[in-house]
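*Asks:* Please work out how this folds:
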Amino acid sequence: MQRYILRYFFDPGSGIRLWSANDTASEKFDYPVQLHDLWLPENLLRKAIYVMAWYDTSLDCKRQFLLLLAQLGETPVWLFRKCKDDCSD
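*Replies:* Below you'll find the model as predicted:
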């Protein structure tokens, strides 16, 4: 049985949170691992995208808000309120 080892850490603005940590994982997913390439349930995938966007909004919320909208195709109300309150024009 193949064992995929992934590392998790924040790389602000990259949209990536998982990184391959062994050759087996690198061969399957490349070094940065896209969440969409994993076998995750839809709800978990959406929550992971929200968490990434939430973290990234602390650095550049307008850019990250637009990226999140592009990925999800919807407007997350809580993130919109955060950007409205935290971002200046």
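*Asks:* where do the strands sit along the chain?
*Replies:* 6-8, 18-20, 32-33 (DSSP state E).
*Asks:* Can I get those in TSV including mean neighbour count?
*Replies:* No exception for glycine: its C-beta is placed from N, CA and C like everyone else's. Converted to TSV, these look like this (neighbours: other C-beta atoms under 10 Å):
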stretch	mean neighbour count
strand 6-8	12
strand 18-20	19
strand 32-33	18
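*Asks:* Throw these into TSV and include distance to residue 26, thanks.
*Replies:* Below are the strands of the chain laid out as TSV (distance: least, C-beta to C-beta, whole Å):
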stretch	distance to residue 26
strand 6-8	10
strand 18-20	4
strand 32-33	9
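*Asks:* so which of those strands comes closest to residue 51?
*Replies:* Closest approach to residue 51 among the strands of the chain (C-beta to C-beta): strand 6-8, 11.0 Å.
*Asks:* re earlier: using a markdown table, lay out the strands of the chain together with mean pLDDT and distance to residue 43.
*Replies:* Formatted as a markdown table, these follow (pLDDT from 0 to 100; distance: least, C-beta to C-beta, whole Å):
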| stretch | mean pLDDT | distance to residue 43 |
| --- | --- | --- |
| strand 6-8 | 90 | 19 |
| strand 18-20 | 89 | 18 |
| strand 32-33 | 88 | 19 |
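*Asks:* Show the model's pLDDT score for residue 36.
*Replies:* Here the pLDDT value assigned to residue 36 is 85.
*Asks:* cool, residue 45 as well?
*Replies:* pLDDT, read off for residue 45, is 87.
*Asks:* quick one, what contacts the residue nearest to it when sequence neighbours are not counted?
*Replies:* In this structure, residue 45 finds its nearest non-sequential neighbour in residue 35, 5.8 Å apart by C-beta to C-beta, 6 or more residues apart in numbering. Contact analysis of residue 35 by C-beta atoms under 8 Å, 6 or more residues apart in numbering lists 17, 18, 45, 48, 49.
*Asks:* Perfect, that will be all.
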